[in-house]
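In: Need the 3D shape of this:
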Amino acid sequence: MPLLPPPSSLQLTYLYTNLPSRAQITPQRYLLIPWHTTNTKVEAMELHLQVVSQESAVTPTAELTDWHAEYPPQGYQQPPQGYGAPPPQGYPPQQYGARRKVQYPPQQGGYPPPQQGYGAPPPQQGYGAPPPQSYGQPPYGSPAPPPQGSYGAPPPQSYGQPPPQQYGAPQAYVQPTPPSLGYGPAPNIQWDGTQDAEALRKAMKGFGTDEKTLIRVLATKDPLQINVLRQSYNHRFGRDLIKDVKSEVSGWFETGLCAIIRGPLNQDVFLLYEAMSGPGTKEKVMTDVLMGRSNADMRAIKETYHKTTHRTLEHDVKGDLSMKTERHFLMVLSANRNEESAPVIPQQIDHDVMELYKATEGKMGTDELLVCNILSQRSDAQISAIAHTYRQKFTRDLETVIKKEFSGHMEQALLQQLRTGTDKAMRDAFLLEDAMAGAGTKDHLLTNRVVRIHWDRNHLQQVKGAYHHRFKTSLTQRIKGETSGDYEKLLVACCGEN
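Out: Residues are numbered from 1 along each chain as shown. Here you go, the predicted model:
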């Protein structure tokens with residue numbers, strides 16, 4: 001059946017069953033694309049499936065390592081009922097542990113789609129997520145199918161110990177997740193920031209301030225451009241852009257502009273330092289910055305924090321947090337998550353699900369650290385598979401279990417990790433609403449959450465779609481109702497609208 005057979009490797013069987021009604025078109029085209037390989041470069045292959053009825057079952061066999069299927073473009077897909085819910089009827093059948101990528105319709109208005117070159121969506125996606133796809137494109141692919149042979153309960157062993165070939169065991173090399181744009185070494189880009197630097201200086205020089213120009217120039221730059229612009233301003237005028245902005249504007253408008261000028265990495269470091277300095281700790285800020293990050297991003301944050309403060313981030317976290325919450329954050333700071341290229345193995349998912357059950361609903365009291373360890377060590381794709389399987393086995397969402405068994409800072413941190421794996425766009429939609437709901441607006445959270453999301457324009461569009469789907473109003477209209485003046489205009493511009 002394969003039109004282009006790949007080189008020899010592990011033999012896997014893909015059983016395509018329970019086809020939805022939309023798959024009755026003949027012929028149906030599927031692309032099998034390598035997801036993870038070891039030493040063998042696996043070529044893409046095509047399968048043309050003749051589907052004659054919804055009950056048809058086609059069992060092609062191919063020699064390849066882990067792969068995922070990309071399905072033909074479909075219409076708008078409804079999100080699950082709560083995080084981690086199983087796919088509703090009408091979704092394409094997915095392999096065990098598939099990480100379903102919910103696609104949300106784009107919102108009307110705003111800036112036109114970015115053109116090629118700088119100003120276009122960043123090549124790497126924010127915070128370690130797999131590359132999002134625009135509305136109408138295939139959902140993100142599922143990982144490898146289960147190997148032949150039965151699976152089910154975890155093998156006998158002592159409580160809490162990983163089974164053979166568990167995530168922590170030595171495995172074949174997996175490709176590290178690259179850092180998000182702005183978190184790796186700054187490349188030389190073919191973009192000259194001199195003209196924008198001069199526009200900024202002109203907007204702040206002399207009597208009065210041209211706030212409109214500040215917004216226009218700063219809100220539209222990607223992380224690489226903002227780095228060049230900041231340096232160009234310093235080289236051209238011998239001045240510090242942040243200091244000049246602080247001398248001209250104030251309030252949350254100033255906070256938002258400075259957050260953009262610092263760039264995503266330096267702003268994360270600034271927020272962490274601010275959150276742990278002085279009386280009290282801003283737990284939500286720490287959770288926003290640290291939970292659900294890729295190993296590469298986490299290492300960049302730790303290194304930059306040390307260079308900036310001359311202290312390790314672990315040292316300051318130990319000084320501000322305590323007990324099990326401290327240990328949870330230290331797990332995260334170890335930057336030892338499974339990479340996104342690591343396979344999703346059914347037996348290991350089942351083991352994690354049973355361990356989570358035994359640590360929460362299956363016993364008196366809660367083994368908090370076991371839950372923290374699993375969600376801090378697994379990749380986003382593995383967390384998605386865990387949430388899906390937990391729902392299948394126990395008919396309850398893992399999110400509901402966490403809310404019941406945990407509280408306070410640890411609950412919010414665990415939910416952030418879980419939602420990052422199950423639906424990152426909806427996660428951010430809820431974070432934005434959290435900053436605006438209730439009496440008064442949590443401007444500090446709102447400003448930094450909008451700025452953080454705006455760096456990745458593809459993800460931003462998904463967040464706007466998720467927000468509209470969940471809250472039945474546009475994100476920008478909601479922001480306009482909670483803010484005013486230049487502060488409002490800046491946040492709206494960061495959302496890609498004017």
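In: Now do the helices in the stretch 201-350 of the chain.
Out: Counting by DSSP state H, counting those that start in this stretch, the stretch 201-350 of the chain has helices at residues 211-218, 223-237, 241-248, 251-275, 283-290, 295-309, 313-320, 323-333, 346-359.
In: So which of those is nearest residue 376?
Out: helix 323-333 (4.2 Å; CB to CB). (Glycine included, C-beta is placed from N, CA and C.)
In: who touches that closest one?
Out: Contacts with helix 323-333, where a contact means CB atoms under 8 Å, 6 or more residues apart in numbering, come from 286, 290-291, 293, 298, 302, 313-314, 317-318, 321, 368-369, 372-373, 376-377, 408-410, 413-414.
In: The helices of the stretch 201-350 of the chain: which one's closest to residue 203?
Out: Judging the helices of the stretch 201-350 of the chain by CB to CB, what sits closest to residue 203 is helix 211-218, at 4.0 Å.
In: still on that earlier bit, show me which of the contacts of helix 323-333 are buried.
Out: 286, 290-291, 293, 298, 302, 313-314, 317, 321, 368, 372-373, 376-377, 409-410, 413-414 (16 or more other CB atoms under 10 Å).
In: per-residue confidence for the closest residue to residue 258 other than its chain neighbours?
Out: Spatially, and ignoring its direct neighbours in sequence, residue 258 is nearest to residue 242 (5.4 Å; CB to CB, 6 or more residues apart in numbering). For residue 242, the pLDDT comes out at 98.
In: Residue 242 and residue 204: what is the separation?
Out: Per CB to CB, to the nearest Å, residue 242 is found 12 Å from residue 204.
In: In terms of neighbours, single out the busier of the two.
Out: Higher neighbour count among residue 242 and residue 204: residue 204, with 19 against 16, using other CB atoms under 10 Å.
In: Can you check what pLDDT the model gives the closest residue to the more buried one other than its chain neighbours?
Out: Leaving aside its sequence neighbours, residue 204 sits nearest to residue 248 (CB to CB, 6+ apart; 4.7 Å). Confidence at residue 248, expressed as pLDDT, is 96.
In: Give the burial count for the residue lying closest to residue 209 once chain neighbours are set aside, as a bare number.
Out: Spatial nearest neighbour of residue 209, chain neighbours left out: residue 248 (4.5 Å); criterion: CB to CB, 6+ apart. Using other CB under 10 Å, residue 248 has 17 neighbouring residues.
In: Same check on the one 3 residues further on?
Out: Applying other CB under 10 Å, we find 11 residues neighbouring residue 251.
In: got a list of what the nearest residue in space to it that is not next to it in sequence touches?
Out: Closest residue to residue 251 apart from its sequence neighbours, by CB to CB, 6+ apart: residue 487 at 6.5 Å. Shown in contact with residue 487 (CB under 8 Å, 6+ apart): 251-253, 256, 443, 447.
In: Using neighbour counts, pick out the buried residues of whichever strand or helix holds residue 487.
Out: Using DSSP states H and E, residue 487 sits within helix 485-494. In terms of neighbour count (16+ other CB under 10 Å), helix 485-494 has its buried residues at 486-494.
In: if I look at residue 355, how far off is residue 363?
Out: 11 Å.
In: so where is the protein shaky, pLDDT-wise?
Out: For the chain, the stretches with pLDDT under 70 are 1-172, 280-281.
In: ok so, going back, nearest to residue 398, of the contacts of residue 487?
Out: Nearest to residue 398 among the contacts of residue 487, with distances taken as CB to CB, is residue 447, at 30.8 Å.
In: Leaving out the residues flanking it, which one is nearest to the closest one?
Out: Residue 447 sits nearest to residue 256 (CB to CB, 6+ apart), 4.8 Å away.
In: Verify the stated contact: the one you found with residue 446.
Out: No. With contacts defined as CB atoms under 8 Å, residue 256 does not count as touching residue 446, sitting 9.4 Å away.
In: In the chain, mark out all the strands, start to finish.
Out: 11-13, 28-36, 45-49, 61-63, 66-70 (DSSP state E).
In: Over to the residue lying closest to residue 231 once chain neighbours are set aside: give its phi and psi.
Out: Residue nearest to residue 231 in three dimensions, not counting chain neighbours: residue 193, with 7.4 Å by CB to CB, 6+ apart. As for residue 193, its main-chain torsions (degrees, to the nearest 10) stand at phi -90, psi 10.
In: how about residue 193, what does it touch?
Out: Contacts of residue 193 (CB under 8 Å, 6+ apart): 225, 228-229, 231-233.
In: Considering these, which possesses the most neighbours?
Out: residue 229 (25 neighbours).
In: Let me know whether that residue touches residue 198 as I believe.
Out: No. The pair residue 229 / residue 198 is not scored as a contact, 10.8 Å apart, by CB under 8 Å.
In: Have a look at residue 355 and residue 363 and say which one is more surrounded.
Out: The neighbour comparison of residue 355 against residue 363 (other CB under 10 Å) goes to residue 355, with 22 against 10.
In: wouldn't the more buried one be in contact with residue 370 here?
Out: Yes. Residue 355 is in contact with residue 370 according to CB under 8 Å; the separation is 6.2 Å.
In: Look up how far residue 179 lies from the residue nearest to residue 228 when sequence neighbours are not counted.
Out: Closest residue to residue 228 apart from its sequence neighbours, by CB to CB, 6+ apart: residue 193 at 4.4 Å. Shown here: residue 193 relative to residue 179, a distance of 22 Å by CB to CB.
In: Could you check how many residues crowd around the closest residue in space to residue 368 that isn't next to it in sequence?
Out: Spatial nearest neighbour of residue 368, chain neighbours left out: residue 324 (5.1 Å); criterion: CB to CB, 6+ apart. Using other CB under 10 Å, residue 324 has 12 neighbouring residues.
In: What of residue 365?
Out: 8.
In: separation between it and residue 358?
Out: On the measure of CB to CB, residue 365 and residue 358 end up 11 Å apart.
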